[in-house]
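[1] Show me the folded form of this:
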Amino acid sequence: MTERGCVAVSFNELRHCDDADGIHAVTGFAPGDVIWSWVPFDGAGGKDRPCVVLASDGERDALIVAYLTSSDHSDDGDHVFLGYGAWASDSRASWARASRVFRVRTIDIRDSGVSLDRAQLKALRWAVGLHQRSR
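    Residues are numbered from 1 along each chain as shown. Predicted coordinates:
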């Protein structure tokens with residue numbers, strides 16, 4: 001793990017985690033919940049950003065997440081357009097990166113409180129599944 005407890009993981013991690021709908025008994029989060037956590041960049045450094053919970057890893061008291069960005073990725077197959085949500089205080093559109101997932105310890109979550117709607121979560125799960133199968 002990184003010093004802040006967020007690390008990129010393989011899609012195989014999703015196979016060993018609970019992605020059932022509803023709040024997970026150990027982590028207290030459900031798929032589709034939006035949390036805020038520090039996320040590492042592909043290179044050095046990282047930043048605090050919103051992330052969508054894909055699954056819970058109860059054994060590690062951690063979540064498997066995809067991060068959100070407001071940078072336009074309309075022509076990028078690695079990202080899914082999620083539209084607008086309460087997680088973006090400035091009302092900008094958001095994309096989720098479906099080609100890279102992270103494990104975040106629940107103690108490293110800075111904030112939470114909103115969730116994707118069912119259609120947004122379904123689109124993200126479908127895109128993550130495509131990337132998972134292609135690896």
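
[2] Val52 reaches Ala66, doesn't it?
    Yes - in this structure, Val52 is within contact of Ala66 by Cβ atoms under 8 Å, at 5.2 Å. Glycine gets a C-beta too; all of them are placed from N, C-alpha and C.

[3] and those two? which has more neighbours close in?
    Under the criterion of other Cβ atoms under 10 Å, the comparison of Val52 against Ala66 puts Val52 first, with 30 against 25.

[4] looking at this, that one is in a strand?
    Yes - using DSSP: H, G, I helix; E, B strand; the rest coil, the assignment for Val52 is a strand.

[5] which residues touch it?
    Contacts for Val52 (Cβ atoms under 8 Å, 6 or more residues apart in numbering) come out as Gly32, Asp33, Val34, Val65, Ala66, Tyr67, Leu68, Leu82, Ala96, Leu116, Leu121, Leu124.

[6] Which strand residues bridge it?
    Using DSSP bridges, the bridge partners assigned to Val52 are Val34, Ala66.

[7] Other residues contacting the helix or strand bottoming out on mean pLDDT in the chain?
    For the chain, the helix or strand with the lowest mean confidence is helix 12-15, at a mean of 77 (criterion: mean pLDDT, DSSP states H and E). For helix 12-15, contacts defined as Cβ under 8 Å, 6+ apart pick out Leu54, Ala55, Asp57, Ile64, Val101, Arg103, Val128, Gln132.
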